[in-house]
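Trainee: sharing a model that was predicted from the sequence below.
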Amino acid sequence: MNFQLSEEEVQQILARYPHPSAALLPMLRLIQGRIGYIPPGAEVYAAETLGVDPVRVHEVVTFYSAFREKPAGRYLILVCESISCSLSGGENILSFLKDYLKLDVGETTEDRRFTLETTECLAQCERSPAVMINGEIHAPATPDEVEKILSELA
Amino acid sequence: MSIKLVTRNFDRPDSHTLRVYREGGGYETLRKVLATRTPQEVVEEVKRSNLRGRGGAGFPTGMKWSFVPRETGKPVYLCVNADEGEPGTFKDRFILEQDPHMLLEGIGIAAYAIGARYAYLYLRGEFVEAGRRVEDAIAEACEAGLLGSDLPDSKFSLDLYVHYGAGAYICGEETALLESIEGKKGWPRVRPPFPAVKGLFGSPTVINNVETLAKVPHILEKGAAWFSALGTEKSGGTKLFPVSGKVNRPGLYEYPLGTPLRTIIDEGAGGVSAGKKIKGVIPGGASCPVLTADEIDVPMDYDALAKVGSMLGSGAIIVLDEETSMLKTLLNLERFFAHESCGQCTPCREGTRWIVQVLERIAAGKGAPEDPDLLLDIAAHMAGRTLCPLGDAAAGPVRSFVTKFREEFLDPLNSM
Ligand SMILES: Cc1cc2nc3c(=O)[nH]c(=O)nc-3n(C[C@H](O)[C@H](O)[C@H](O)COP(=O)(O)O)c2cc1C
Ligand code: SF4
Ligand code: FES
């Protein structure tokens, strides 16, 4: 997996901060955007490029829930579990997805197409319950609609 | 009655574009301010407007700006808090998606007032659509000479960078946000020193919420007196109220501060859904103590809500009807806090976990008669003993739910 960024990409994020170490989050975000996760080699690469202690890079990767140490499936499905979605039936969506994909929360299908996870409030509460698939919001979601969306995905 | 300031362009097609924003007179106020007013005058105007922070704590904005020391030789930073993640809250997302230029104009005026040459907009990582809109708006504004070097009719320059979060609610807390921009994990800092003196990269820093900054152009356009007269004596202007839960028309409503909670629920959100009765209302997002049905005539402003033992918080109104289980609701809220505690202080890290365990036990039908008091006891040991307000935020709901709906935390056969 090539996670190295081009010189231009690195310069672009460095230019936004007075200290190179501040570019760590955007750098990890770019790497994950490209290969889907942050392998150990990428942590070392980021540490060396930005002159940060590798321990600190690892701390950041584990602290922020959006950074993944293992790749997700091709489609990452996030179901909101917070209060407004729960009041409008979010649990039904989650149990439907568990049955439909035969997955528990946190698991990936064997063909590596779908990963099912839960998330906290996505700030879509006026159209709850909310589901996010690869960054795209589907809300309000019903089991039927979610099934239709999934069946149309490659 | 609803008054539209921040939401005034939302219904226009392409409200997020520079063209539409300018058609409504957009950026004229920034231009006038830069050409005719001193930074000090802007700070004074905002002070007189009684604008208080819309991010949760309600701190007077003009006063916050006036704490920034001048002439320290260090750069001053403005950080825009767009990390919106408090369950029930979706107001800043609307501004970012529907009218990013109003926010940018507010950022320009605020940066001028505090003397900031650089600003960071800390955007929640999950805000994909908002991110697109904001980045496009920044590009448009730079192209039009409204951001960047030497803004119109002045020597003022401002560069604005978007910094994306990565899924940690705690980074909305202002010092955790600074740590996160510096490339570290989001652990809140010990205060003092306060960010106004020693903030981002050790420099004087102001952190403001998106909604707070979107109010600023209106204040400078129409004047502090006009703005403050819209609200109550101590809290000026309008507030965005995201309403969700058991109502007919969940959505975002803008009302003057001091509007009764009942009016916003009935007139704005169309009342309780399915003809049911209200059991309780969370008035300002997940961290605010719950109100009972008898308490909803309270005026929605900082002081009135404090008087009834709750808070205005983010203004997010969550309506619970007669069929809602208070046990299940509190468990949901506390799972959130347990999950989002950064783990730095023991009372918060352990307290939130313990609360969840006790609530799960009651929900499983294995509750003990002393559990309500145990919950209150754990909450009492958290409040006021933590580094940042998340510990209090987790304790407040426990106290209010258990005190006001005690019977639901006793009956093991509670309707789950
Ligand atoms: C746990 C926690 C989360 C917070 N999240 C946010 C947030 O998402 N957005 C926000 O504007 N303020 C948030 N705040 C409040 C900020 O710390 C800060 O008070 C605010 O951004 C200041 O801006 P204002 O004065 O314009 O309100 C949070 C506070 C805490 C304790
Ligand atoms: S109160 Fe909780 S969230 Fe805040 S610093 Fe302490 S452990 Fe972290
Ligand atoms: S509670 Fe699910 S989007 Fe807010």
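Mentor: That came through, no problem. Note that the structure is predicted; figures quoted are calculated from it, not measured. Ligands and ions are numbered 1, 2, ... in the order given.
Trainee: wait, does stretch B:129-136 contact chain A?
Mentor: Yes: using Cβ under 8 Å from any Cβ of the partner chain, stretch B:129-136 reaches chain A at B:Glu129. C-betas here are computed from N, CA, C, even on glycine.
Trainee: how about the helices in chain A?
Mentor: Using DSSP state H, the helices of chain A run over residues A:7-14, A:24-35, A:40-50, A:54-63, A:83-87, A:90-101, A:143-152.
Trainee: point out the one among those that comes closest to B:Cys79.
Mentor: For B:Cys79, the closest of the helices of chain A is helix A:24-35, at 14.2 Å, according to Cβ to Cβ.
Trainee: which residue sits closest to B:Val319, ignoring its sequence neighbours?
Mentor: The shortest distance from B:Val319 to any non-neighbouring residue, by Cβ to Cβ, 6 or more residues apart in numbering or on different chains, is to B:Gly245 (4.0 Å).
Trainee: who are the contact partners of the one you found?
Mentor: Counting by Cβ atoms under 8 Å, 6 or more residues apart in numbering or on different chains, B:Gly245 makes contact with A:Ile83, A:Ser84, A:Leu87, A:Ser88, B:Gly88, B:Ile317, B:Ile318, B:Val319, B:Leu320, B:Asp321.
Trainee: please check those residues and keep the buried ones.
Mentor: With burial judged by 16 or more other Cβ atoms under 10 Å in any protein chain shown, the buried subset of the contacts of B:Gly245 is A:Ile83, A:Ser84, A:Leu87, A:Ser88, B:Gly88, B:Ile317, B:Ile318, B:Val319, B:Leu320, B:Asp321.
Trainee: can I get the contacts of B:Gly245 in a markdown table including distance to ligand 1 and pLDDT?
Mentor: A markdown table is the format used below for those (distance: Cβ to the nearest ligand atom, whole Å; pLDDT from 0 to 100):
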| residue | distance to ligand 1 | pLDDT |
| --- | --- | --- |
| A:Ile83 | 16 | 98 |
| A:Ser84 | 16 | 98 |
| A:Leu87 | 21 | 97 |
| A:Ser88 | 22 | 95 |
| B:Gly88 | 12 | 98 |
| B:Ile317 | 17 | 98 |
| B:Ile318 | 16 | 98 |
| B:Val319 | 22 | 98 |
| B:Leu320 | 22 | 98 |
| B:Asp321 | 27 | 98 |
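Trainee: for the residue of the stretch 201-350 of chain B found nearest ligand 3, phi and psi?
Mentor: At 6.9 Å from ligand 3, B:Ser244 is the closest residue in the stretch 201-350 of chain B, using Cβ to the nearest ligand atom. B:Ser244 has phi and psi values of phi -140, psi -180 when expressed as degrees, to the nearest 10.
Trainee: for it, give the beta-bridge partners.
Mentor: B:Ile318 (DSSP bridges).
Trainee: just the pLDDT for it.
Mentor: Listed pLDDT for B:Ser244 reads 98.
Trainee: looking at the helices of chain A, which is buried most?
Mentor: Neighbour counts (mean count of other Cβ atoms under 10 Å in any protein chain shown) averaged over each of the helices of chain A peak at helix A:83-87, with a mean of 28.
Trainee: off-centre distance for it?
Mentor: Here helix A:83-87 is found 21 Å from its chain centre; the criterion is Cα atoms, centre = their mean, to the nearest Å.
Trainee: which residues sit against that helix?
Mentor: A:121, A:125, A:128-130, B:87-88, B:244-246, B:250, B:282, B:286, B:318, B:320, B:324, B:328-329, B:332-333, B:336.
Trainee: what packs against the lengthiest helix in chain B?
Mentor: Secondary structure of chain B per DSSP H: the longest helix is helix B:346-363. If contacts are counted by 3 or more Cβ pairs under 8 Å, 6 or more residues apart in numbering or on different chains; DSSP states H and E, helix B:346-363 sits against helix B:326-340, helix B:371-382, helix B:390-404.
Trainee: so can I have CSV of those showing mean neighbour count, mean pLDDT and distance to B:Leu103?
Mentor: Converted to CSV, the helices and strands packed on helix B:346-363 look like this (neighbours: other Cβ atoms under 10 Å in any protein chain shown; pLDDT from 0 to 100; distance: least, Cβ to Cβ, whole Å):
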stretch, mean neighbour count, mean pLDDT, distance to B:Leu103
helix B:326-340, 23, 98, 25
helix B:371-382, 19, 96, 35
helix B:390-404, 23, 97, 25
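Trainee: could those helices go into TSV alongside distance to ligand 1?
Mentor: As requested, the helices and strands packed on helix B:346-363 are exported to TSV (distance: least, Cβ to the nearest ligand atom, whole Å):
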stretch	distance to ligand 1
helix B:326-340	7
helix B:371-382	13
helix B:390-404	4
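Trainee: who does residue 116 form a beta bridge with?
Mentor: Here I'm looking at chain A. Beta-bridge partners for A:Leu116, by DSSP bridges, are A:Ile77.
Trainee: my bad, chain B
Mentor: Counting by DSSP bridges, B:Ala116 forms beta bridges with B:Val76.
Trainee: neighbours around it, how many?
Mentor: Residues lying near B:Ala116 (other Cβ atoms under 10 Å in any protein chain shown) number 25.
Trainee: A:Ala46 is in contact with A:Leu28, correct?
Mentor: Yes: in this structure, A:Leu28 is within contact of A:Ala46 by Cβ atoms under 8 Å, at 6.3 Å.
Trainee: get me the contact residues on chain B for ligand 1.
Mentor: Contacts of chain B with ligand 1, taken as Cβ under 6 Å from any ligand atom, map to B:53-57, B:59, B:81, B:83-86, B:170, B:172-174, B:207-209, B:212, B:388-390.
Trainee: just these: which are in helices?
Mentor: With DSSP H as the criterion, helices contain B:Glu174, B:Thr212, B:Leu390 from among the residues of chain B next to ligand 1.
Trainee: out of the residues you listed, which comes closest to B:Lys276?
Mentor: B:Lys276 lies nearest to B:Leu390 out of those, by Cβ to Cβ, at 32.3 Å.
Trainee: surely the closest one touches B:Thr175?
Mentor: No: using Cβ under 8 Å, B:Leu390 is not in contact with B:Thr175, being 11.8 Å away.
Trainee: between the two, which contacts overlap?
Mentor: B:Pro188.
Trainee: about what we covered before: show me which of the ones in helices among the residues of chain B next to ligand 1 neighbour ligand 2.
Mentor: Of the residues in these, proximity to ligand 2 by Cβ under 6 Å from any ligand atom holds for B:Leu390.
Trainee: what sits against residue 77?
Mentor: Using chain A. Neighbour list for A:Ile77: A:Leu97, A:Phe114, A:Thr115, A:Leu116, A:Glu117, A:Val131, A:Met132, A:Ile133 [criterion: Cβ under 8 Å, 6+ apart].
Trainee: not quite, go with chain B.
Mentor: Contacts for B:Tyr77 (Cβ under 8 Å, 6+ apart) come out as B:Ala116, B:Tyr118, B:Ala119, B:Tyr120, B:Gly199, B:Leu200, B:Phe201, B:Ser203, B:Pro204, B:Thr205, B:Val206.
Trainee: and what of B:Gly268?
Mentor: Residues near B:Gly268 by Cβ under 8 Å, 6+ apart: B:Ser2, B:Phe241, B:Val243, B:Arg249, B:Gly251, B:Tyr253, B:Tyr255.
Trainee: okay, those residues in a markdown table with neighbour count and distance to B:Glu97 next?
Mentor: As requested, these are exported to a markdown table (neighbours: other Cβ atoms under 10 Å in any protein chain shown; distance: Cβ to Cβ, whole Å):
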| residue | neighbour count | distance to B:Glu97 |
| --- | --- | --- |
| B:Ser2 | 15 | 20 |
| B:Phe241 | 26 | 18 |
| B:Val243 | 26 | 18 |
| B:Arg249 | 12 | 19 |
| B:Gly251 | 17 | 14 |
| B:Tyr253 | 24 | 17 |
| B:Tyr255 | 24 | 21 |
